[in-house]
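K.L.:
Need coordinates for the following:
(2 chains)
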Amino acid sequence: MSCIDQLDLTQRGHEILEVGASPRSSATTNAVLIKRQGDSCEAELIERVLGGDDEAFRELVRPCEHAVFMATQVILKNEADAEDAAQEAVLKAFTNLANFRGDSKFSTWLIRIATNEALMKLRKQRHQKLHDSLDEQREGEEGNYVPRDFADWREIPSEAVQKKELQQALSRALASLTPKHRDVFVLRDVQHFSIEETAQLLGIRKSAVKTRLLRARLQMRDALAPGIDGSWSTGRTEYEQVRPW
Amino acid sequence: MVVEISCEEVWREISNYLEGEIDVELRARMEEHLRGCKHCTAVLDGTRNMVQLVGDATAFELPARFSHRLYQKLDRKLADDRPSRNEE
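P.N.:
Numbering: from 1, shown residues only, chains lettered A, B, ... in the order given. Reported below is the predicted structural model:
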């Protein structure tokens, strides 16, 4: 049985961390605001569900739908599988709601369940395919990663985030990571689990999480740099280099 | 006086820098280096922005009728569970 299988659904959820000195993302800001405003309302809804009010469960789940799907999609990279896992997670949350201790947000708990569902599904798929690539076997995670592109793309136009093109680029960039780097990246940077929780979820050391995270982040930056550097910010289709020198 | 640090060392620590998981001395050395190195500044800013970008929930879209199917499944589960819950 893997460490994922053994996870206790009642354990404390993760807290959203602020990354470095960067401004908070809108998702993070929203999450903090929702947490402040929603805690008492959430407890009330949970109480109603436990008392037999099924509609209250829908009210609980509705604000988390997007995050739950995202949790499974970024891990499974297949819409149908991700939707299956997300649905399973919601059903599991309903069945186990009495075990939710309320020392984290409900959404955090639900996302953790969804992440576990997706990871278990992924492991089953990998086990069936036995497909770890030769590249991955050759590639040591201790090796230094040297950035390939030094473009300065410090300004991300907000409208770019909404573009289908960017979403596709994000998915492509994620797919370009090896599974072990992608798992760490997704848990830490997409799902906002802490380094320690990521290590716990994957059953690896914190130092391994940090090493893999560094490589994944630099690789993701390199993979996304050309678009951010040029075409996405200007709306042009051709690549336009923007350099600070 | 701050001891110099190379570009390679800065890249190795960029992720830990963003996590705030480096000691005060190393942070000071990195920041001194970043003040004079446009390459490393670009890598740091780009990495930070990428983390911000992927952490934004709006970066990924829900499939069409996702909610409809989710609640349909939930309704089925609730209907299945109802008899046993009523017996309790």
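K.L.:
What is the three-state secondary structure of B:Val2?
P.N.:
Here B:Val2 is recorded as coil under DSSP: H, G, I helix; E, B strand; the rest coil.
K.L.:
Just the element for the nearest residue to it once chain neighbours are set aside, please.
P.N.:
Of all residues beyond its chain neighbours, the one nearest B:Val2 is B:Glu32 (4.7 Å), with distances taken as C-beta to C-beta, 6 or more residues apart in numbering or on different chains. No exception for glycine: its C-beta is placed from N, CA and C like everyone else's. Assigned by DSSP states H and E, B:Glu32 belongs to helix B:24-36.
K.L.:
Extract the C-alpha trace of that helix and format it as PDB.
P.N.:
In PDB, the C-alpha atoms belonging to helix B:24-36 read as follows (Å, rounded to 0.1, in the frame of the first residue of the first chain):
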ATOM      1  CA  VAL B  24      20.100  35.700   5.900                       C
ATOM      2  CA  GLU B  25      23.700  35.600   4.700                       C
ATOM      3  CA  LEU B  26      22.900  33.700   1.500                       C
ATOM      4  CA  ARG B  27      19.900  36.000   0.800                       C
ATOM      5  CA  ALA B  28      22.100  39.000   1.200                       C
ATOM      6  CA  ARG B  29      24.700  37.500  -1.200                       C
ATOM      7  CA  MET B  30      22.000  36.700  -3.800                       C
ATOM      8  CA  GLU B  31      20.500  40.100  -3.600                       C
ATOM      9  CA  GLU B  32      23.800  41.700  -4.100                       C
ATOM     10  CA  HIS B  33      24.400  39.600  -7.100                       C
ATOM     11  CA  LEU B  34      20.900  40.200  -8.500                       C
ATOM     12  CA  ARG B  35      21.500  44.000  -8.300                       C
ATOM     13  CA  GLY B  36      24.200  43.700 -10.900                       C
END
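K.L.:
I'd like to know which elements that helix is packed against.
P.N.:
When contacts are defined as 3 or more C-beta pairs under 8 Å, 6 or more residues apart in numbering or on different chains; DSSP states H and E, helix B:24-36 packs onto helix B:7-19, helix B:38-54.
K.L.:
what about the chain, any weak spots by pLDDT?
P.N.:
All of this refers to chain A. Low-confidence segments of chain A, defined by pLDDT under 70: A:1-40, A:129-144, A:146-164, A:226-245.
K.L.:
Chain B is the one I meant
P.N.:
Chain B contains residues with pLDDT under 70 at B:1, B:57-60, B:82-88.
K.L.:
Longest helix in it, please.
P.N.:
Scanning chain B for the helix with the most residues, using DSSP state H, yields helix B:66-87.
K.L.:
Is any residue of that helix near chain A?
P.N.:
Yes. Applying C-beta under 8 Å from any C-beta of the partner chain, one finds helix B:66-87 touching chain A at B:66-67, B:69-71, B:73-74, B:77-78, B:85.
K.L.:
Need those in TSV (columns: neighbour count).
P.N.:
Compiled in TSV, the residues of helix B:66-87 next to chain A are given as follows (neighbours: other C-beta atoms under 10 Å in any protein chain shown):
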residue	neighbour count
B:Phe66	19
B:Ser67	16
B:Arg69	14
B:Leu70	22
B:Tyr71	18
B:Lys73	17
B:Leu74	18
B:Lys77	16
B:Leu78	17
B:Arg85	10
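K.L.:
Give me the number of neighbouring residues for the spatially closest residue to B:Pro63 that is not a sequence neighbour.
P.N.:
The shortest distance from B:Pro63 to any non-neighbouring residue, by C-beta to C-beta, 6+ apart, is to A:Glu79 (5.3 Å). A count of neighbours around A:Glu79, defined by other C-beta atoms under 10 Å in any protein chain shown, yields 15.
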